[in-house]
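Trainee: Sequence first, predicted coordinates after that:
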Amino acid sequence: MEDLRVLIADDDEGMRSVMRKIVSRVEGFVLAGQAADGETALALTEKLKPNVVFLDVEMPGMSGVECARAIEDMDPSIIIIFATAHENYRGDAFEVYAFDYLMKPFKVERVIQTLERARDRLMLRGMRPLEPPVSRPRVADGRLMLRHRDGVTFLDLKDILLVQREDRATVLYTLNDGRYVTSDSLSEMEERLHSDAFFRCHKSYIINLNHIRDITPYGRWTYVVRLEGTRQDALITHEKYEELERMFR
């Protein structure tokens, strides 16, 4: 497996130096880039496509929380770790499903443990999945008319596996490796997918419940859903996982 790419964003050069040294000590990671403000961090994330991003909360211009929200809209699979001296932003970190929230000054071993956990989560294929909810058939009849820049495509609802935010657009994945991009927001798409087979499991994902293969722990508040018929994964929050369990009882 290739080394996992890490981006560090902090307006304190001394702290960036500390974080660089820590990253170099953990096997399986490589420094992809660094930034002193949120705008630069966001631009580098789009360019370098890191697996893990360390974010300070208070930076010039765009804050770390604002940057995290933009990153999540760009690629919600990126692991976001806040490293800050400000305890009062912890609630905001929960809202963007941050993997961890490190309080400065922190011990080096604490950061290493977080990186090791992140590495384990990014190697999910080798982890034992949770037992998925007991499946029962759900209705997915009808067709969806999807408008895009090349015209209009009609999709069978039963063939839609996953809808997600990706590169600031909404993307639908279907059986037989179909991929369709639309300018509709995820909330607009959720309203159009009126069938009870579709479930908004995360603010960046909608899944077809008929195609769940397994569910695996991801972070402190999030799980990964793997779906049959596609290599794409989805995230599901702890609250939504509990809701899913209730739906299948």
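Mentor: Nice, I can see it.

Trainee: Now tell me which helix or strand of this structure has the poorest mean pLDDT.
Mentor: Ranked by mean pLDDT, DSSP states H and E, the weakest helix or strand in the chain is helix 90-95, scoring a mean of 67.

Trainee: how deep is residue 85 tucked in, by neighbour count?
Mentor: 15 (other C-beta atoms under 10 Å). All C-beta atoms are positioned from the backbone trio N, CA, C, and that covers glycine.

Trainee: swap in residue 217?
Mentor: 17.

Trainee: Enumerate every residue touching the nearest residue to it once chain neighbours are set aside.
Mentor: Closest residue to residue 217 in three dimensions, ignoring its sequence neighbours and counting by C-beta to C-beta, 6 or more residues apart in numbering: residue 223, at 5.8 Å. For residue 223, the contact set (C-beta atoms under 8 Å, 6 or more residues apart in numbering) comprises 130, 215-217, 235-238, 241.

Trainee: what do you get if the cut-off is 10 Å, keeping everything else the same?
Mentor: By C-beta atoms under 10 Å, 6 or more residues apart in numbering, residue 223 lies in contact with 124, 129-130, 201-202, 214-217, 234-238, 240-241, 244.

Trainee: next one: residue 187
Mentor: Contacts of residue 187 by C-beta under 10 Å, 6+ apart are 170, 200, 203, 206.

Trainee: just to revisit the earlier point, strand partners of the helix or strand the residue nearest to residue 217 falls within, parallel vs antiparallel please.
Mentor: According to DSSP states H and E, residue 223 maps onto strand 222-227. Using DSSP bridges, the strands paired with strand 222-227 are strand 212-217 (antiparallel), strand 233-237 (antiparallel).

Trainee: Now render those as TSV, adding distance to residue 80.
Mentor: Output for the strands paired with strand 222-227, formatted as TSV (distance: least, C-beta to C-beta, whole Å):
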stretch	distance to residue 80
strand 212-217	17
strand 233-237	12
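
Trainee: Throw those strands into CSV and include mean pLDDT, thanks.
Mentor: Rendered in CSV, the data for those read as follows (pLDDT from 0 to 100):
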stretch, mean pLDDT
strand 212-217, 90
strand 233-237, 91
